[in-house]
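> pasting the structure only:
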């Protein structure tokens with residue numbers, strides 16, 4: 001359904017879940033949700049800086065005697081963080097010794113062997129690339145570098161038009177080719193980056209993958225109820241006692257104000273992409289970090305924010321970026337390829353559209369600031 005309101009930004013915060021969040025908010029938001037205890041044991045919650053963002057892992061404890069001990073729960077969280085760090089070390093192009101960074105140094109136009117883990121993630125990424133007609137692209141590193149959004153200091157001017165035009169002319173579609181390669185005892189994989197206009201950057205999918213891997217680590221340790229919040233990208237396991245995990249949706253211009261709540265029961269993930277992070281203004285034009293590969297510039301679709309709920313964070317991460325670039329009409333068509341995936345689109349004309357299964361309860365009519 002479509003309802004008018006002023007430019008909502010979906011920054012995700014856990015209500016009554018833990019003491020630390022990636023974007024601290026006013027504690028008055030807690031008064032909107034009952035704070036009665038669901039357990040006789042305090043929750044286990046640890047926050048660390050990982051993957052360039054604050055990550056909080058919270059385990060909601062049960063009083064049953066067969067639940068993991070406090071020490072076991074804390075060790076499970078430590079192990080989950082170790083898994084996130086392992087994924088980051090292996091798959092981040094910001095890590096100079098990662099497999100992704102190594103691939104980016106190799107000759108273009110030739111096949112090179114890759115690990116099974118990277119092959120599996122690339123297969124998922126390339127499937128979304130195909131279904132989205134090349135809107136999702138894990139090979140945009142040269143374009144990302146041209147814009148400089150991940151660099152310090154951050155950009156204050158857009159690239160020259162002829163630089164963007166040159167990249168667009170050189171960009172191949174597809175730019176990444178994955179194939180199986182027989183080996184002695186199993187089937188290996190090879191990857192080819194077609195030319196120098198292509199470089200691996202998994203920023204649109206790897207954080208979600210890391211969250212999923214950390215979730216699997218918790219499950220292997222016997223954890224049944226938990227939340228992993230990586231800078232607002234999150235996945236929940238089970239529930240918060242007898243109730244769902246309550247995730248607050250913040251107002252765009254008033255971060256302390258919660259205007260909607262999503263009640264999630266795991267396994268469920270929620271990831272948001274929007275034009276409000278890593279942004280600069282030049283000649284009164286907003287330039288943000290979500291690039292449209294068809295134009296070589298920041299996306300100018302009919303939305304300013306998209307939030308996706310799915311059964312895993314890998315898919316939610318990739319689709320939130322893809323739907324943001326595609327806009328509402330094309331985005332809804334893409335969603336037909338996926339089961340149990342729902343989205344909330346925020347428009348520039350001060351309205352929103354949420355698919356039928358997207359869980360969000362609005363706390364009174366939103367007002368502009």
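Everything's here; your move. Since the model is a prediction, treat every value here as computed from it, not as a measurement.
> hang on, residue 353 in a strand?
Yes. Per DSSP: H, G, I helix; E, B strand; the rest coil, residue 353 lies within a strand segment.
> Settle this for me: it is touching residue 335, isn't it.
No. Look at residue 353 against residue 335 with CB atoms under 8 Å: they stay out of range, at 11.5 Å. C-beta here means a position set from N, CA and C on the backbone, and glycine is covered the same way.
> so what's the spatially most central residue of the chain up against?
Among the residues of the chain, the one closest to the centroid is residue 317, at 3.5 Å (CA atoms, centre = their mean). Neighbouring residues of residue 317 by CB atoms under 8 Å, 6 or more residues apart in numbering: 204, 205, 206, 207, 208, 209, 211, 233, 271.
> Then residue 51?
84, 88, 92, 207, 210, 230.
> Those in strands, which ones?
Among these, the members falling in strands (DSSP state E) are residue 230.
> quick one, helices of the protein?
Assigned by DSSP state H, the helices in the chain fall at 70-91, 99-105, 116-131, 141-147, 161-170, 206-220, 313-335.
> about what we covered before: can you check the pLDDT for the closest residue to the residue nearest to the centre of the chain other than its chain neighbours?
Counting by CB to CB, 6 or more residues apart in numbering, residue 208 is the residue found nearest to residue 317 once chain neighbours are left out, at 2.8 Å. Reported pLDDT at residue 208 in the predicted model: 97.
> Tell me, how many residues neighbour residue 208?
30 (other CB atoms under 10 Å).
> Could you measure from it over to residue 113?
25 Å (CB to CB, to the nearest Å).
> cool, residue 150 as well?
Residue 150 is 27 Å from residue 113, where distance means CB to CB.
> swap in residue 235?
31 Å.
> And for residue 73?
39 Å.
> again, but for residue 94
23 Å.
> likewise residue 266?
Per CB to CB, residue 266 is found 36 Å from residue 113.
> Please identify which of those two sits among more neighbours.
When neighbours are counted by other CB under 10 Å, residue 266 and residue 113 differ, and residue 266 comes out ahead with 18 against 12.
> mind listing what's buried in stretch 118-133?
Across stretch 118-133, burial judged by 16 or more other CB atoms under 10 Å covers 118, 119, 121, 122, 124, 125, 126, 128, 129, 131, 132.
> Make JSON lines from those and add pLDDT to it.
Below are these laid out as JSON lines (pLDDT from 0 to 100):
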{"residue": "118", "pLDDT": "98"}
{"residue": "119", "pLDDT": "97"}
{"residue": "121", "pLDDT": "98"}
{"residue": "122", "pLDDT": "98"}
{"residue": "124", "pLDDT": "98"}
{"residue": "125", "pLDDT": "98"}
{"residue": "126", "pLDDT": "98"}
{"residue": "128", "pLDDT": "98"}
{"residue": "129", "pLDDT": "98"}
{"residue": "131", "pLDDT": "97"}
{"residue": "132", "pLDDT": "97"}
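> From the residues you listed, pick the one nearest residue 163.
Residue 163 has its nearest neighbour among those in residue 129, at 23.8 Å by CB to CB.
> can I assume that closest one is in contact with residue 122?
No. Counting by CB under 8 Å, residue 129 sits too far from residue 122 to count as a contact (9.7 Å).
> before we move on, the earlier item: among the contacts of residue 317, give me the pair with the biggest separation.
Set against one another by CB to CB, those have their most distant pair in 204 and 211, with a gap of 13.7 Å.
> Neighbour count for the two, which is higher?
The neighbour comparison of residue 204 against residue 211 (other CB under 10 Å) goes to residue 211, with 30 against 23.
> check contacts around that one.
The contact partners of residue 211, taken as CB under 8 Å, 6+ apart, are 84, 228, 230, 233, 234, 235, 269, 313, 314, 317.
> Can you check the pLDDT for it?
Residue 211 is assigned 98 on the pLDDT scale.
> Look up the closest residue to it, ignoring the ones flanking it.
residue 313 (4.0 Å).
> Report the contact partners of that neighbour.
Contacts of residue 313 (CB under 8 Å, 6+ apart): 207, 208, 209, 211, 212, 215, 233, 234, 235, 269, 271.
> where does the stretch 251-369 of the chain dip in pLDDT?
Where the stretch 251-369 of the chain drops to pLDDT under 70, the residues are 251-255, 257, 259, 350, 364-369.
> change it to 90
Flagging of the stretch 251-369 of the chain using pLDDT under 90 yields the residue ranges 251-261, 272, 274-279, 302, 304-305, 344, 346-352, 360-369.
> what's residue 99 in contact with, if anything?
Taking CB under 8 Å, 6+ apart as the test, what residue 99 contacts is 90, 91, 114, 115, 118.
> Distance of residue 235 relative to residue 133?
Per CB to CB, residue 235 is found 28 Å from residue 133.
> How about residue 47?
For residue 47, the distance to residue 133 equals 39 Å [CB to CB].
> One more: residue 241?
For residue 241, the distance to residue 133 (CB to CB) stands at 44 Å.
> for residue 236, same thing?
Distance, residue 236 to residue 133, using CB to CB: 32 Å.
> likewise residue 311?
Counting by CB to CB, the gap from residue 311 to residue 133 is 24 Å.
> Tell me which stretches of the stretch 151-300 of the chain form strands.
For the stretch 151-300 of the chain, the strands defined by DSSP state E, counting those that start in this stretch cover 176-182, 187-193, 226-230, 233-237, 245-250, 258-264, 268-274, 279-282, 285-288, 291-292, 297-298.
> nearest to residue 56, of these?
strand 226-230 (4.7 Å).
> contact partners of that closest one?
Strand 226-230 has contacts (CB under 8 Å, 6+ apart) with 12, 14, 17-18, 21-22, 50-51, 53, 55-60, 80, 84, 207, 210-211, 214-215, 218, 234-238, 240, 245, 266.
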